Structure formats: C-alpha cells, structure tokens
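Asks: Got a sequence here, can you build the structure:
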Amino acid sequence: MNISIIGTGNIAWHFIQVFEENDLNVAEVFARKKRKAADMQGYAYDVAVQTNLDFSNSTSKVFFLAVSDDAIVQVASEIRLPKEAILVHTSGAKTLGDLSVALERNPKVKMGVFYPLMTFTRGVPVDFRKVPICIEGEDEYTLSILRGIAQKISGNVSEITSHQRLVLHVAAVFGCNFVNHLWALSKEIVEEEEIDFEILKPLISETFQKAMKAEHPAQVQTGPAVRDDESTIEKHKKLVKEDPDLLKVYKTLTQSIQDWHQ
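Replies: Numbering: from 1, shown residues only. As a prediction, this is how the structure comes out:
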C-alpha cells in the first residue's frame with residue numbers, strides 16, 4: 001500500500017522516515033515549491049516530488065495532510081484524489097468533519113485522522129514506538145486501514161473522537177507548551193542577574209520525575225503558594241514588578257495553586 005504525504009514540515013519530515021523504516025512505502029511528497037521537498041527524497045526509496053494537488057492518477061491509498069492547522073481546509077478543498085482514497089489530517093484541534101470540503105471534488109473519498117500526540121522538531125529523532133497515535137475514521141474500513149498503519153510504527157494506538165482529541169490537545173498545551181514557556185521565563189529571570197540557568201536544571205529534572213511518578217502531580221506540589229507563605233510571595237512580586245507580564249503570570253499561577261490546595 002502506497003502512501004503520499006502533503007507537506008514538508010516537522011511531522012512530514014518524521015513521517016517519511018518512520019513509514020519507510022517500517023515498510024510503508026511513501027510514493028509521493030507534495031510541496032508547492034520543489035526545493036522544499038528536495039531533501040525529503042533522501043529519506044525514502046524512489047519517492048516522487050509533486051508541486052500540484054492533482055493526485056488523480058496516484059497509486060497511493062492514504063494521503064496524509066501534514067500541514068498547519070490553518071492550511072488543512074484550504075488544501076482539502078483543492079486536492080484531487082483517486083477514487084476511494086483515504087484523506088487524513090494529523091491535527092489535534094481540527095475535527096474529522098473539517099475534511100468534508102474535499103468531498104466536492106472527491107465524492108468517494110474516505111476521511112480520517114492520524115494524530116501523533118508528541119512534540120516534533122525537524123532533525124531531532126523520536127522513538128515512535130512510544131508515541132501515542134490517536135486515530136479516527138468515518139467508518140470501520142477507514143479505521144482498520146489507519147489502525148494497521150499506526151500499529152506498524154507505534155505500540156500505543158487509540159481510537160479517539162474529535163472532541164476527545166481536542167481535550168487531549170488542550171491538556172497537552174498546558175502540560176507541554178505552557179511548561180516550556182515557564183522554563184523560558186525562568187531562564188530570563190536568572191540570566192537578567194547573570195546567573196547561569198544550568199543551576200536550575202537539577203531542580204527542574206527532579207520536579208518532572210516526581211510528577212511523573214506520583215498518582216497525581218498535585219500531590220508533589222511544593223513552593224510558597226501551596227504553603228500560603230505570603231511573606232515570600234510578596235517578596236517575589238516585588239522582585240518582578242517591573243515586568244507587568246511576568247508579574248501577571250506569577251499572580252495567576254500563585255492564585256491557581258492556592259485555590260486548588262484550599
């Protein structure tokens with residue numbers, strides 16, 4: 001079964017490699033500018049680069065829209081597919097129904113979602129066997145195809161609805177994106193006073209490990225907010241008051257921790 005990948009971003013870069021490594025043949029990669037897809041050819045056997053969205057004569061069965069969320073509907077509305085192809089997006093926030101715009105040009109297309117719950121960076125290897133893959137399909141046939149692909153590359157495959165996937169995506173933003181941003185703020189705070197951020201890394205690592213081992217992360221919460229240490233909290237606020245945005249974040253998170261632990 002041949003696969004085509006539409007896009008050349010982070011997920012596309014990882015997909016083309018993990019598919020080929022697991023005997024899933026990538027026949028085509030789409031990019032509006034050929035130079036963007038040129039380096040992708042080195043990761044797959046005999047892959048073709050296509051710069052238009054007419055796949056009418058393609059031998060592929062499954063077409064992965066590995067593009068930004070904002071581009072999914074537009075690309076789906078423009079693409080032309082072989083009869084009874086399966087069109088799949090990889091978004092955590094978009095619904096299965098967002099692909100329905102493809103039906104005007106492709107009335108027999110099947111629709112699905114293949115969402116890897118992981119942060120991806122081009123050039124940084126990922127162990128896909130540990131990556132949760134969330135799949136959704138409009139019927140059991142579509143699900144069976146996507147399940148087969150997912151199980152080839154991952155040991156953690158779940159059938160997840162569009163609503164459940166959105167819930168996971170929001171939770172992932174809190175648990176990944178927001179936490180990473182807080183580390184960035186932490187680095188700025190210490191480096192403003194010429195203190196090396198390295199000194200905080202053992203603390204960050206230990207906090208992460210404890211949270212992962214706990215039955216609930218709230219059980220291992222520490223710090224002045226959970227202790228209602230108002231004296232220390234006021235000192236902290238005074239220190240960061242010159243940065244209104246930072247002060248706002250500090251106040252919001254402090255209040256949230258206190259409300260939780262009341």
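Asks: quick one, helices of the stretch 151-262 of the chain?
Replies: For the stretch 151-262 of the chain, helices defined by DSSP state H, counting those that start in this stretch occupy the ranges 162-172, 179-191, 201-213, 224-227, 230-240, 244-261.
Asks: Can you mark which positions in the first one are buried?
Replies: By neighbour count, with 16 or more other CB atoms under 10 Å as the criterion, the buried positions of helix 162-172 are 162, 165-166, 168-169. C-beta coordinates here come from the backbone N, C-alpha and C atoms, glycine included.
Asks: any idea how far it is from the chain center?
Replies: 11 Å (CA atoms, centre = their mean, to the nearest Å).
Asks: May I have it as CSV, with CA atoms only?
Replies: Extracted C-alpha coordinates of helix 162-172, given in CSV (Å, rounded to 0.1, in the frame of the first residue of the first chain):
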residue,chain,number,x,y,z
SER,A,162,-12.7,14.6,17.6
HIS,A,163,-13.9,16.0,20.9
GLN,A,164,-11.6,13.8,22.9
ARG,A,165,-8.7,14.8,20.7
LEU,A,166,-9.4,18.4,21.3
VAL,A,167,-9.4,17.7,25.1
LEU,A,168,-6.1,16.0,24.7
HIS,A,169,-4.7,18.9,22.7
VAL,A,170,-5.7,21.5,25.3
ALA,A,171,-4.2,19.3,28.1
ALA,A,172,-1.0,18.9,26.0
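Asks: And the residue located most distally from the centre of the chain, how far from residue 127?
Replies: Most distant from the centre of the chain: residue 231, at 40.1 Å, with distances by CA atoms, centre = their mean. Computed with CB to CB, to the nearest Å, the distance linking residue 231 and residue 127 is 46 Å.
Asks: How about residue 176?
Replies: Per CB to CB, residue 176 is found 17 Å from residue 127.
Asks: Looking at the two, which one has more neighbours?
Replies: The neighbour comparison of residue 176 against residue 127 (other CB atoms under 10 Å) goes to residue 176, with 13 against 10.
Asks: residue contacts, the closest residue to residue 68 other than its chain neighbours?
Replies: Residue nearest to residue 68 in three dimensions, not counting chain neighbours: residue 9, with 7.2 Å by CB to CB, 6 or more residues apart in numbering. The contact partners of residue 9, by CB atoms under 8 Å, 6 or more residues apart in numbering, come to 66-68, 122.
Asks: of these, buried ones?
Replies: For the contacts of residue 9, buried by 16+ other CB under 10 Å: 66-67.
Asks: would a markdown table of the contacts of residue 9 with secondary structure, pLDDT and distance to residue 157 be doable?
Replies: Below are the contacts of residue 9 laid out as a markdown table (DSSP: H, G, I helix; E, B strand; the rest coil; pLDDT from 0 to 100; distance: CB to CB, whole Å):
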| residue | secondary structure | pLDDT | distance to residue 157 |
| --- | --- | --- | --- |
| 66 | coil | 95 | 18 |
| 67 | coil | 95 | 23 |
| 68 | coil | 94 | 24 |
| 122 | coil | 86 | 24 |
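Asks: Please tabulate the contacts of residue 9 in TSV and include distance to residue 215 as additional columns.
Replies: Formatted as TSV, the contacts of residue 9 follow (distance: CB to CB, whole Å):
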residue	distance to residue 215
66	36
67	39
68	37
122	36
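Asks: Looking at the contacts of residue 9, spot the one nearest residue 105.
Replies: The nearest member of these to residue 105, counting by CB to CB, is residue 67 at 17.1 Å.
Asks: can I assume the closest one is in contact with residue 73?
Replies: No - with contacts counted by CB atoms under 8 Å, residue 67 stays clear of residue 73, the gap being 10.2 Å.
Asks: what residue ranges in the stretch 51-200 of the chain are flagged as low confidence?
Replies: Scanning the stretch 51-200 of the chain for pLDDT under 70 picks out no residues.
Asks: show me where it has strands.
Replies: Here the stretch 51-200 of the chain has its strands, by DSSP state E, counting those that start in this stretch, at 60-65, 86-89, 110-116, 133-137, 157-159.
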